[in-house]
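Participant: Fold the following and give me the result.
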Amino acid sequence: MMSAVIWTGATSHVGAIIKNPDPAPERSGPLNAAWDRMAEQIRAARLDAMVVVATDHYETFRLEHYPTFCLGVADEYEGWGEFGNPTGTVAGASELSQDMLAGLVDRGFDMSRSHEMPLDHSFMVPLVRLGLLELPVVPLFVNCNTAPLPSLRRCQALGESIREVVAGVPGERRVGVLGTGGVSHWVGLPRFGDINEEWDRRFLSLLESGGIDEILSWPDEEILERAGNGALEIRTWVVAQAASGTPAGRLLEYQPMPEWAIGIGVMTMGAGT
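Facilitator: Reported below is the predicted structural model:
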């Protein structure tokens, strides 16, 4: 048996998931139940490590160095705990990170690396909510908010390469890939608090039914107009879907959450379904 990507999924990472977990039980309740189901799937997958594909909100990466992609290669990582979001120490999977770094560079990705890489809420909130603080992680930063952004197709290619690279890792490593971010929300803009439920459901339906090619055709200008600058984080979902090796996923739950100023999706993909 070779190493392999065993489980893949994606979900939102807004800090209110932890800080205000049940503001509207008729909607937050089903979401919490979906995260519990996702956590159980991950436990059942018996993973050795989780690749967490997320972004950053000018905590770790600032304008003096803002990479397109950056892989953490440390033995452990500290959570920022910014604005009351989760903090703490997260174990790394440095050997796997180094193998992935070498393999991705070999495949043409000019991947930055970080031997420290403190983690903001885009990493820490899903790790805490899904009970993954004891599982070694490989944090993978994707630029989702500072132009120029990697194209959606480039993110798909990155996910496909992650799956290939993991398959070549020595041993029998069982690896998960979790994308975090989105869906519709406007951050720091006059439309803050708006949610486009129709757009969210269309995006999630396409992922669930294997309609990734339509998603890849969406220009960023259209995403910004219809779903907000926060929806540009769907890049992490595209990476996770491509890493699954299958064209479809399973939507565990979606709810518009005005109390959290965001539309929230929870989806598994590939073997995770």
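Participant: Now the top helix by length along the chain: buried residues?
Facilitator: The longest helix of the chain (DSSP state H) is helix 25-45. Across helix 25-45, burial judged by 16 or more other CB atoms under 10 Å covers 27-28, 30-32, 34-35, 38, 41-42, 45. C-betas here are computed from N, CA, C, even on glycine.
Participant: what do you get for stretch 107-114?
Facilitator: Neighbour counts over stretch 107-114 (16+ other CB under 10 Å) mark 109, 111-114 as buried.
Participant: Low-confidence bits of the chain, can you list those?
Facilitator: The model of the chain has pLDDT under 70 over residues 1, 271-273.
Participant: residue boundaries of the helices in it?
Facilitator: Under the criterion DSSP H, the chain contains helices at 16-19, 25-45, 94-106, 121-129, 152-167, 197-209, 212-216, 220-227, 234-244.
Participant: How about residues contacting the fourth one?
Facilitator: Looking back up the chat, that one is helix 121-129. Helix 121-129 is contacted by residues 11, 13-15, 17-18, 35, 39, 52, 54-57, 77, 79-83, 85-88, 90, 132-133, 137, 139, 178, 180-181, 233 when judged by CB atoms under 8 Å, 6 or more residues apart in numbering.
Participant: show me the contacts for residue 261.
Facilitator: 14, 16, 185-186, 192-193, 195.
Participant: Let me have those residues in JSON lines, adding neighbour count and distance to residue 206 as columns.
Facilitator: Formatted as JSON lines, the contacts of residue 261 follow (neighbours: other CB atoms under 10 Å; distance: CB to CB, whole Å):
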{"residue": "14", "neighbour count": "24", "distance to residue 206": "22"}
{"residue": "16", "neighbour count": "19", "distance to residue 206": "26"}
{"residue": "185", "neighbour count": "28", "distance to residue 206": "19"}
{"residue": "186", "neighbour count": "20", "distance to residue 206": "22"}
{"residue": "192", "neighbour count": "12", "distance to residue 206": "26"}
{"residue": "193", "neighbour count": "13", "distance to residue 206": "25"}
{"residue": "195", "neighbour count": "23", "distance to residue 206": "18"}
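Participant: quick one: which of the residues you listed is nearest residue 99?
Facilitator: residue 14 (32.0 Å; CB to CB).
Participant: check contacts around that closest one.
Facilitator: Contacts of residue 14 by CB under 8 Å, 6+ apart are 121, 125, 185, 260-262, 264.
Participant: Now the buried members of these.
Facilitator: If we count by 16+ other CB under 10 Å, the contacts of residue 14 have these buried: 121, 125, 185, 260-262, 264.
Participant: ok so, going back, turn the contacts of residue 14 into a markdown table, including distance to residue 251.
Facilitator: Formatted as a markdown table, the contacts of residue 14 follow (distance: CB to CB, whole Å):
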| residue | distance to residue 251 |
| --- | --- |
| 121 | 23 |
| 125 | 20 |
| 185 | 18 |
| 260 | 18 |
| 261 | 21 |
| 262 | 16 |
| 264 | 11 |
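Participant: Looking at the residues you listed, spot the one nearest residue 228.
Facilitator: Once CB to CB is applied, the member of the contacts of residue 14 that ends up nearest residue 228 is residue 185, at 5.2 Å.
Participant: beta partners of residue 179?
Facilitator: In this entry, residue 179 is beta-bridged to residue 10, residue 53, by DSSP bridges.
Participant: That one contacts residue 51, doesn't it?
Facilitator: No. Using CB atoms under 8 Å, residue 179 is not in contact with residue 51, being 9.4 Å away.
Participant: Those two: which has the busier surroundings?
Facilitator: Per other CB atoms under 10 Å, whichever of residue 179 and residue 51 has more neighbours is residue 179, with 32 against 28.
Participant: what's the distance between that one and residue 29?
Facilitator: Distance, residue 179 to residue 29, using CB to CB, to the nearest Å: 24 Å.
Participant: what does residue 89 give?
Facilitator: In this structure, residue 89 and residue 29 are 31 Å apart, going by CB to CB.
Participant: Then residue 144?
Facilitator: In terms of CB to CB, residue 144 sits 29 Å off from residue 29.
Participant: same check, this time on residue 270
Facilitator: The spacing between residue 270 and residue 29, counted by CB to CB, is 27 Å.
Participant: and what of residue 200?
Facilitator: 19 Å.
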